[in-house]
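> What would the 3D arrangement of this be:
(chains A and B, ligands or ions: 1)
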Amino acid sequence: MPEGYLRQSPLASLGLAARAATAADAAGVTMGERERVMLVNLRGDGVDRGFLDRVRQALEVDLPAEPNTAAEGTRHRVLWLGPNEWLVVAGEGEQLAAALDAALAGLHVSVTDISDARAVIALSGAQARDVLAKGCPLDLHPRSFGPMRCAQSRLAKVAVLIDQRDDAPSYDLYVLRSQARYLWRWLDDAAREYAVRIIRP
Amino acid sequence: MLLITCPFCGPRDESEFACGGEAHIVRPADPAALTDAQWADYLFMRKNVKGVHFERWMHSHGCRRWFNAARDTVTHQFLAFYKMGEQAPDIAPVSYTARPAPRTDPALPADPALHTDREGAR
Ligand SMILES: [Zn+2]
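This next block holds a predicted model:
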């Protein structure tokens, strides 16, 4: 659990807050950093009913069993990473790792707090799909990728987890902290032709 | 660019994957009982098939799981994908003993040097 007052967002040095637009000027793409989210990488046996039940009690949401899908609870969003691996996302202040540790005590599982290991970039707008298509091999066409779908792939040559939030379309991009500034600059450049607006998501 | 079907994620671009070489190599139950030659055979000797090859792949930029695939090493066509631990599918080996006919496309100039190189590599 990172100390709240010590946390600094991976993109803090870009001064995005100062660039954030107040007026809703026309833009094909909006971008912003989703700050201070809590992330836990959870691994456990995806066919063990005992494990699944205890996770449901702790998170009040079922772990998604279908590959590359997301599940939304009242306080958490859970993304499928593998047949026995998930990413649990929560807002600031949630004692997420501690709660899961307590709920799953005694089971053969792994609960890893990776809140400070990732940056989350929110990308949205009518042209957001075109921006991603410039550097990602995934088929993001609505017939094969839509809201509540997620996938790990490569974007601009770096590993990325893409979570589609709605059909605006809006995406959350999870990237390693050390590659976040590179990916932001790449996205900023790729989106320039559609006009970019910086927001505080 | 190849399209590779991860048993979990479905068809994905080749750039998300890493190939792990020949599949279905079983580790000897009692390595200490082997001769050096048998141990070396297990460690180093691999098939170099011209035709259907059973091999391991990892979806390294996706779900990070290993799986198996059958691929024709001449055409690069994938013939099957299956999970770790599953039986290899029964796929008849392809015979590539006959040499492909020389290229006769009149629109392209003959390149004798290229042909000689290819013959030499076989
Ligand atoms: Zn996969």
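> and stretch B:82-91, does that touch chain A?
No: using C-beta under 8 Å from any C-beta of the partner chain, stretch B:82-91 stays clear of chain A, with a minimum separation of 9.4 Å. Just so you know, the C-beta spots here come from the backbone N, C-alpha and C atoms, and that holds for glycine as well.
> got the buried residues for that stretch?
residue B:82 (16 or more other C-beta atoms under 10 Å in any protein chain shown).
> pull the CA atoms of that stretch into PDB?
The C-alpha coordinates for stretch B:82-91 follow below in PDB (Å, rounded to 0.1, in the frame of the first residue of the first chain):
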ATOM      1  CA  TYR B  82      -4.100 -26.500 -29.000                       C
ATOM      2  CA  LYS B  83      -3.500 -25.900 -25.300                       C
ATOM      3  CA  MET B  84      -0.600 -27.200 -23.300                       C
ATOM      4  CA  GLY B  85      -1.200 -30.800 -22.100                       C
ATOM      5  CA  GLU B  86      -3.500 -31.600 -25.000                       C
ATOM      6  CA  GLN B  87      -2.700 -34.400 -27.500                       C
ATOM      7  CA  ALA B  88      -1.100 -33.300 -30.700                       C
ATOM      8  CA  PRO B  89      -3.600 -33.500 -33.500                       C
ATOM      9  CA  ASP B  90      -3.200 -36.200 -36.100                       C
ATOM     10  CA  ILE B  91      -2.000 -34.300 -39.200                       C
END
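> State the mean pLDDT of it.
The pLDDT scores in stretch B:82-91 average 95.
> I would like the residues contacting it, please.
B:7, B:23-24, B:52, B:54, B:65-70, B:79-80 (C-beta atoms under 8 Å, 6 or more residues apart in numbering or on different chains).
> export these to JSON lines and tack on secondary structure, distance to chain A and neighbour count?
Converted to JSON lines, those look like this (DSSP: H, G, I helix; E, B strand; the rest coil; distance: C-beta to the nearest C-beta, whole Å; neighbours: other C-beta atoms under 10 Å in any protein chain shown):
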{"residue": "B:7", "secondary structure": "coil", "distance to chain A": "9", "neighbour count": "20"}
{"residue": "B:23", "secondary structure": "coil", "distance to chain A": "19", "neighbour count": "18"}
{"residue": "B:24", "secondary structure": "coil", "distance to chain A": "21", "neighbour count": "10"}
{"residue": "B:52", "secondary structure": "strand", "distance to chain A": "27", "neighbour count": "19"}
{"residue": "B:54", "secondary structure": "strand", "distance to chain A": "22", "neighbour count": "19"}
{"residue": "B:65", "secondary structure": "coil", "distance to chain A": "6", "neighbour count": "20"}
{"residue": "B:66", "secondary structure": "strand", "distance to chain A": "11", "neighbour count": "15"}
{"residue": "B:67", "secondary structure": "strand", "distance to chain A": "11", "neighbour count": "23"}
{"residue": "B:68", "secondary structure": "strand", "distance to chain A": "16", "neighbour count": "22"}
{"residue": "B:69", "secondary structure": "strand", "distance to chain A": "18", "neighbour count": "21"}
{"residue": "B:70", "secondary structure": "strand", "distance to chain A": "22", "neighbour count": "18"}
{"residue": "B:79", "secondary structure": "strand", "distance to chain A": "22", "neighbour count": "16"}
{"residue": "B:80", "secondary structure": "strand", "distance to chain A": "19", "neighbour count": "15"}
